[in-house]
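Novice: sequence and predicted structure below; questions after.
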Amino acid sequence: MALRIEDYGLLGDLETAALVGRDGSIDWLCLPRFDSPACFAALLGDEHAGFWRIAPAAGGLCTRRRYRGDSLILETEWETPEGTIRLIDAMPRRGEAADVVRIVEGVSGRVPVHMALRLRFDYGRIVPWVRHRDGQLNAIAGPDAAWLETPVELVGRDETTYADFAVSAGERVPFVLTYRPSHEPRPHAVDPERALADTEAFWADWIGDFDYAGRWPDAVRRSLITLKALTYHPTGGIVAAATTSLPEQLGGSRNWDYRFCWLRDATFTLQALLGTGFVTEAKAWREWLLRAVAGEPADLQIMYGIDGTRRLPEYELDWLGGYEGAAPVRIGNAASGQFQLDVWGEVLDGLHLAREARIEAEETAWDVQRALLDFLEGHWDDPDDSLWEVRGDPRHFVHSKVLAWAGVDRGVRAVERYGMDGPADRWKALRDRIHRDVCENGYDSRRNTFTQFYGSDGLDAATLLIPQVGFLPWGDPRVVGTVEAVERDLYRDGFVLRYDTSGGVDGLPGHEGAFLACTFWFADALHGIGRRDDAVELFERLLDLRNDVGLLSEEYDTVAGRQVGNTPQAYSHVGLVNTARHLSGTPAAARPRTS
């Protein structure tokens, strides 16, 4: 059985990522990219789906672990009756090939160590052909090939490779697993100690741009490192999470593939990066965004592949039982074909934020924005599937309309503030029309709150963003009423739900945990309406949900007391960074305000 989600740490080389458990096992790794088939998929099945464990021969969970400084070098330690060992794990930046470096270090005594490697390509389905030569291993199957180099003796048994050895204080035993497409020549072996030193130097240099003087610098740094680790360096795209199909409800079917880039994340991600000094990453994300959305505005998608790929067909892996039996395991995401009105506004808001941050624009950037505005003008009053990707009937979701307003507002501001060419008067009239429509149809005066969709009795945590995008000021009674209504109806056991799933609006069975990004938004909202002490208390409660190495998944199950959903979740870590900035007195990264 897989460990708890919070028992996993993250490794990454800015092109893919691995999850390492507190038992020393890598149970998830996709090669060569985030969205490639996994060669270790025990996370979503069992050990037959592939894993790589290095631990004391007696086994068991580690005594402690930590990242080395501000890096993605994970150090895991076990104290045993025979002594103490440390497992040092890293994925160096990509050279000729992808490498995972694991070094066993003796700290005290002499400790027997056991290594087990079971490579299974295509999400655990394909057993590779394995050869042992001169004590080394080569595995190959179809398009995939891998090599394992180590000075210890390797033994093949039951379609698994083992090694048993012992380390004394001061000794270091390396293992290097290298992946490359099978049709390419074997890459040169990396020196494990040099690779480790280079990895540490890279992260130390990268974090040097960090600019945050608030109250929670350690938490903010770790979240930014996690966001960097979720970045696909060749294109600048940032995946929503490193995993697929970790359940939103333990044992349930709300299991989705998050190894893609969502447009809804655009503005918040730019806020987090620009607000903490990482302009290079913000530029790369902005450029990915422009490339991805280029084309016919009507064809805009809610998400894209890490290289801008549009076709993300969804299918199920019936040979994997799912995390703790939560089936099905899904690859791809059918929500990519949904109509979500908010993404047009989200893209326009993100590009406006980049302009206000003086990020040099591509010549075609305004042409793209004009095309998006033309589409909004003709379709803002269409029903949609909401930012939450409901699989029920399309409706007039309030958040979607508010973001349509925001997109038109940013067009007006581009003309008036920056001299861009466009029909400002016509857009102003459209902006006012959308504003009136939302206030007349999306606001419940009896309960003094904005609702989830027109005519709904339900609430939506996304309405907490109404003042953040400038639709209404924080002091407006309707904003205060909405914050209080969310607190009354969606605030459960100290955290916030996206919406009440029992109403059937999403067309899915079961329920889900508290959504962490929404809870960060609620902390922002409490701060915005003047309840600063409550906001800080909630934020620090959220910080307590991080695992021992600072990672957050998508949601939290308050009954089971566990993280749930895909992990680590970019939206959660973006929320952490931005809320820390807001509570530290940092302005909301150039988000415009209405009077």
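Specialist: Received, thanks.
Novice: buried sites along the longest helix anywhere in the chain?
Specialist: For the chain, the longest helix by residue count, based on DSSP state H, is helix 398-418. By neighbour count, and taking 16 or more other C-beta atoms under 10 Å as the criterion, the buried residues in helix 398-418 are 398-415. Using the backbone N, CA and C atoms, a C-beta is placed for each residue, glycine as well.
Novice: what packs against the helix or strand following it?
Specialist: Once helix 398-418 ends, the next helix or strand along the chain (criterion: DSSP states H and E) is helix 424-441. Helices and strands touching helix 424-441, as assessed by 3 or more C-beta pairs under 8 Å, 6 or more residues apart in numbering; DSSP states H and E, comprise helix 365-379, helix 398-418.
Novice: these: lowest mean pLDDT?
Specialist: For the helices and strands packed on helix 424-441, the weakest mean pLDDT is recorded on helix 365-379, namely a mean of 93.
Novice: ok and that helix relative to helix 398-418, angle-wise?
Specialist: Using axes from the mean of the first three to the mean of the last three C-alpha atoms, to 10 degrees, one finds that helix 365-379 and helix 398-418 are set 140 degrees apart in direction.
Novice: how many residues are close by the spatially closest residue to Asp318 that is not a sequence neighbour?
Specialist: Distances taken as C-beta to C-beta, 6 or more residues apart in numbering put Pro328 closest to Asp318, at 7.3 Å, once the chain neighbours are dropped. For Pro328, the neighbour count with other C-beta atoms under 10 Å is 15.
Novice: so Pro328 sits in a strand?
Specialist: No - Pro328: not assigned to a strand; according to DSSP: H, G, I helix; E, B strand; the rest coil it is coil.
Novice: contacts only, for it.
Specialist: Listed by C-beta atoms under 8 Å, 6 or more residues apart in numbering, the contact set of Pro328 reads Ser245, Ser253, Asn255, Glu316, Leu317, Asp318, Gly322.
Novice: close enough to count as contact, the fifth one and Val329?
Specialist: Yes - shown here, Leu317 and Val329 form a contact pair, counting by C-beta atoms under 8 Å, at 4.4 Å.
Novice: in the stretch 1-150 of the chain, which spans are helices?
Specialist: Ranges of helices in the stretch 1-150 of the chain, per DSSP state H, counting those that start in this stretch, are 121-124.
Novice: C-alpha coordinates for the longest strand seen in the chain, CSV please?
Specialist: Determined from DSSP state E, the single longest strand within the chain is strand 98-118. Backbone C-alpha positions of strand 98-118 (Å, rounded to 0.1, in the frame of the first residue of the first chain) are rendered in CSV as follows:
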residue,chain,number,x,y,z
ALA,A,98,17.8,12.4,-17.2
ASP,A,99,19.5,11.2,-14.1
VAL,A,100,18.4,10.3,-10.6
VAL,A,101,21.3,10.4,-8.1
ARG,A,102,21.0,8.5,-4.8
ILE,A,103,23.9,8.4,-2.3
VAL,A,104,23.9,6.3,0.8
GLU,A,105,26.1,7.9,3.5
GLY,A,106,27.2,6.3,6.8
VAL,A,107,26.7,8.6,9.7
SER,A,108,27.5,6.3,12.6
GLY,A,109,28.0,2.6,13.3
ARG,A,110,27.8,0.1,10.4
VAL,A,111,24.3,-0.4,9.0
PRO,A,112,23.1,-3.1,6.6
VAL,A,113,21.3,-1.6,3.6
HIS,A,114,18.9,-3.1,1.1
MET,A,115,18.2,-1.8,-2.5
ALA,A,116,15.4,-2.9,-4.7
LEU,A,117,14.7,-1.6,-8.2
ARG,A,118,11.7,-2.6,-10.2
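Novice: how near is the closest residue to Leu61 other than its chain neighbours to Ala141?
Specialist: Leaving out its chain neighbours, the residue that sits closest to Leu61 by C-beta to C-beta, 6+ apart is Arg22, at 4.5 Å. From Arg22 over to Ala141 the distance is 30 Å, taken as C-beta to C-beta, to the nearest Å.
Novice: these two - which one has more neighbours?
Specialist: Arg22 (23 against 19).
Novice: need phi/psi at that one.
Specialist: phi -70, psi -10 (degrees, to the nearest 10).
Novice: so which residues of the stretch 401-550 of the chain form strands?
Specialist: All strands of the stretch 401-550 of the chain, identified by DSSP state E, counting those that start in this stretch, fall at 443-444, 449-450, 491-492, 495-496, 514-515.
Novice: who touches the last one?
Specialist: The set of residues external to strand 514-515 that reach it, using C-beta under 8 Å, 6+ apart, is Ala461, Arg492, Asp493, Phe495, Val496, Leu497, Arg498, Glu554, Glu555, Tyr556, Asp557, Thr558.
Novice: make it 10 Å
Specialist: 248, 388, 461-462, 490-499, 521-522, 542, 545, 554-558, 564-565, 569, 571-572, 575 (C-beta atoms under 10 Å, 6 or more residues apart in numbering).
Novice: of those, which belong to helices?
Specialist: Per DSSP H, these map to helices at Trp521, Phe522, Leu542, Tyr571, Ser572, Gly575.
Novice: just among the residues you listed, which is most surrounded?
Specialist: Using other C-beta under 10 Å as the neighbour criterion, Ser572 leads those with 31 neighbours.
Novice: ok, of the contacts of strand 514-515, which come out buried?
Specialist: Here, 16+ other C-beta under 10 Å leaves 248, 388, 461-462, 490-491, 495-499, 521-522, 542, 545, 554-557, 564-565, 569, 571-572, 575 buried among the contacts of strand 514-515.
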